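> here is my input, please return the structure:
(2 chains)
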Amino acid sequence: MLYRFARFVVACTVLLILAGSLVTSHDAGLSVPDWPTSYGWNMFTFPPSMWVANILYEHGHRLIASGVGFLTIILAIWLWIAEPERRWLRWFGVGALAAVMAQGLLGGITVLFLLPPAVSTAHATLAEIFFCMTVAIAVFTSPKWKAQADPVDDARLRRITTATTAVIFCQIIVGATMRHTGAGLAIPDFPWMFGHVVPDHWDAKIAVHFAHRLGAIVVAMCVVGSGVYILRRHTDRSELASASLVLLLLTIVQITLGASVVVSHLLPWINSVHVVVGALVLTTSLVITLRSWRVKFSDPVRPFDTARGRPEPVEGRPKPDSTYEDGIRLPPDPGIARRPA
Amino acid sequence: MRLRNARVFVPAVMVSLAVSLAACGGGQQTSNTSATPSSPAGTPSGQKVDTANAGTVTGTVTLDGTAPKNEAIKMNADPVCIREAKGPQFQETYTVGSDGKSLANVFVYVKDGLGNYVFDAPTETAKIDQKECRYHPHVFGMRVGQPLEILNSDPTLHNIHAMPKANSEFNTGQPIQGMKTTHTFTIKEVMVPFKCDVHGWMNAYVGVLDHPYYAVTKDDGKFELKDVPAGTYTIEAWHERFGASTQSVTLGAKESKDITFTFKPAVTTTN
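Okay, the predicted model is just below:
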């Protein structure tokens, strides 16, 4: 149940990121000039009849953000109650709550200070961090995570997947900087750059835009590299192989969208979907990374009940050896600790 | 052993998240710091203009070529705007007279040459109205220290967002029809753009000067600068898309001079 709720929070956060990117894409960030009020009204009593034009995007973003904040409070409390064995996960939930609160404050500050690029970029960056935290919570609370009796133990895989996630995160920060400094069309043509392979003149905006295009190539190389490694070395591990294929597909879609943003001259919806898919690329890579690190987590392993599709409850089941509480992998007893087929 | 790894891993992630946030949040700028006022109109040390011996600069702003088409405005996002502004709507970027050559909405002003003349503070209030989901006027001039009355005549919400470089930026909401706000600019600046973030098509420009020698061309492209003292001046004509063009004019006592500015659609020229 907690896992389902965590997934629901993840879905709502995707919606929140879409709403936030629509605000920037429509240049609607200052359409509601005050904060935390909306044109003097309490945010929750602002009449819907006044949600016109760009106000719809900005006010809608604020309401969805409030909803996600409320859900995160529930999630943090739920984790605190339901996860007595994993204290670190309890605090991780508290961290997610702190992140979403800080995110709300940053959103307010950027409105009150008339969208300074540094604050707006920080707002966009923290959005990605918070999204990663919600996805990580969903992973940590998933039945398969808990039932993972024989996780992959491959140090090189861990290095590759971590590096890929870090590269994608950096690319998203560059993208956010580009959006919030108005550099989205600093290089107006694609695939060429002012008709050349490399721009023939430079300024700060062109440099940021160029860095984002270059970053896309680096991300694509990392994604392909990690995908090839996983498919060659761990092709039997569906939790890694399937996710790496999804990551590859999302990256192709994302690069296509990025090109479309330039060709369409920043069409708002294409621009916004580009932001959302970017976040999905990041979190898919994060999921692969976390799974590659699963062996380093000391979470108690619970045998997976394939018929019910979830780990068996601890109660009423004989403890296999005395190693159960220590978090050490279970002995290879097919009846107790076997990954689902 | 693994428990220890997780205990190290999770705080490390948290710290790295905090560091990345702090790194991005650095360098925050505040754009609403008080601007230092420029010399106000009426500095005691200067001399006053002798209007009895002053001259006049008149002129016309024309377009050398065909005016580009104005961008169509879609007001679908706000039903009130569709109701208030009837018929097809277009931007006012390129407004020309019936001859197709005279260019309107050009801000013409004395850019340089006034020396230490001082001027009486303006008594009237400059005004800008948000009506039919457009700004009226689209281009205008006002004085440093002169109150600007911002009115919302529409039965819908507007925010007026000024984006100056020298003066302080501001963004004020006006959700109720008939609301008025007053703002004063403290530094001369040509031009200060206005926009409405609710209705992205709404834009206007104001030239803020420390003297009264400015005008905005009408549909006939004509302008007049009255009571200009004898001297040599740089006159500038500014257009929102064509840019600025300057001319030097020497004016004798009680003399009138007529000048012409010509803009080309692709290139800004000086006569």
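> in contact with the closest residue to residue A:52 other than its chain neighbours, which residues are there?
Once flanking residues are discounted, residue A:52 sits nearest to residue B:78: 4.2 Å by CB to CB, 6 or more residues apart in numbering or on different chains. For every residue, glycine as well, the C-beta is placed using N, CA and C. The contact partners of residue B:78, taken as CB atoms under 8 Å, 6 or more residues apart in numbering or on different chains, are A:52-53, B:133, B:156, B:198-199.
> make JSON lines from these and add pLDDT, neighbour count and secondary structure to it.
As requested, these are exported to JSON lines (pLDDT from 0 to 100; neighbours: other CB atoms under 10 Å in any protein chain shown; DSSP: H, G, I helix; E, B strand; the rest coil):
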{"residue": "A:52", "pLDDT": "94", "neighbour count": "19", "secondary structure": "coil"}
{"residue": "A:53", "pLDDT": "94", "neighbour count": "28", "secondary structure": "coil"}
{"residue": "B:133", "pLDDT": "97", "neighbour count": "25", "secondary structure": "coil"}
{"residue": "B:156", "pLDDT": "96", "neighbour count": "24", "secondary structure": "coil"}
{"residue": "B:198", "pLDDT": "96", "neighbour count": "32", "secondary structure": "coil"}
{"residue": "B:199", "pLDDT": "97", "neighbour count": "27", "secondary structure": "coil"}
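> and the next element down the chain from the helix or strand in which residue B:171 is found?
Assigned by DSSP states H and E, residue B:171 falls within strand B:170-174. Next along the chain after strand B:170-174, taking DSSP H and E as the criterion, comes strand B:180-184.
> so which bits of that next one are buried?
For strand B:180-184, the neighbour count (16 or more other CB atoms under 10 Å in any protein chain shown) marks residue B:183 as buried.
> does any part of the helix or strand that that strand is followed by sit near chain A?
Per DSSP H and E, the first helix or strand lying C-terminal to strand B:180-184 is strand B:189-195. No: against chain A, strand B:189-195 shows no contacts by CB under 8 Å from any CB of the partner chain, the least distance being 8.8 Å.
> strand B:189-195 pairs with which strands?
In the sheet, strand B:189-195 lines up against strand B:158-162 (antiparallel), strand B:203-209 (antiparallel) (DSSP bridges).
> can you redo those as TSV with mean pLDDT and distance to residue A:99?
As requested, the strands paired with strand B:189-195 are exported to TSV (pLDDT from 0 to 100; distance: least, CB to CB, whole Å):
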stretch	mean pLDDT	distance to residue A:99
strand B:158-162	96	30
strand B:203-209	98	37
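> can I get those strands in TSV with distance to residue A:238 and mean neighbour count?
As requested, the strands paired with strand B:189-195 are exported to TSV (distance: least, CB to CB, whole Å; neighbours: other CB atoms under 10 Å in any protein chain shown):
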stretch	distance to residue A:238	mean neighbour count
strand B:158-162	52	24
strand B:203-209	55	23
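> low-confidence ranges, the stretch 151-271 of chain B, go.
B:267-271 (pLDDT under 70).
> list, one by one, the residues from it near chain A.
Within the stretch 151-271 of chain B, the positions near chain A by CB under 8 Å from any CB are B:156-157, B:159, B:161, B:169, B:171-173, B:175, B:197-200.
> now tell me what touches the helix or strand where residue B:248 lies from outside.
Secondary structure from DSSP H and E places residue B:248 in strand B:243-251. Strand B:243-251 is contacted by residues B:55, B:57, B:111, B:228-238, B:257, B:259, B:261-263, B:268-271 when judged by CB under 8 Å, 6+ apart.
> buried ones among those residues?
Judged by 16+ other CB under 10 Å, buried ones among those: B:55, B:57, B:111, B:228-229, B:231, B:233, B:235-238, B:257, B:259, B:261-263, B:268.
> what distance do you get for residue A:273 to chain B?
20 Å (CB to the nearest CB, to the nearest Å).
> go on, residue A:177?
Counting by CB to the nearest CB - residue A:177 and chain B are separated by 9 Å.
> count the neighbours of that residue for me.
By other CB atoms under 10 Å in any protein chain shown, 22 other residues sit near residue A:177.
> can you report phi and psi for it?
Torsion angles at residue A:177 (phi, psi; degrees, to the nearest 10) stand at phi -60, psi -40.
> could I get the contacting residues of residue A:43?
A:36-37, A:59, A:62-63, A:66.
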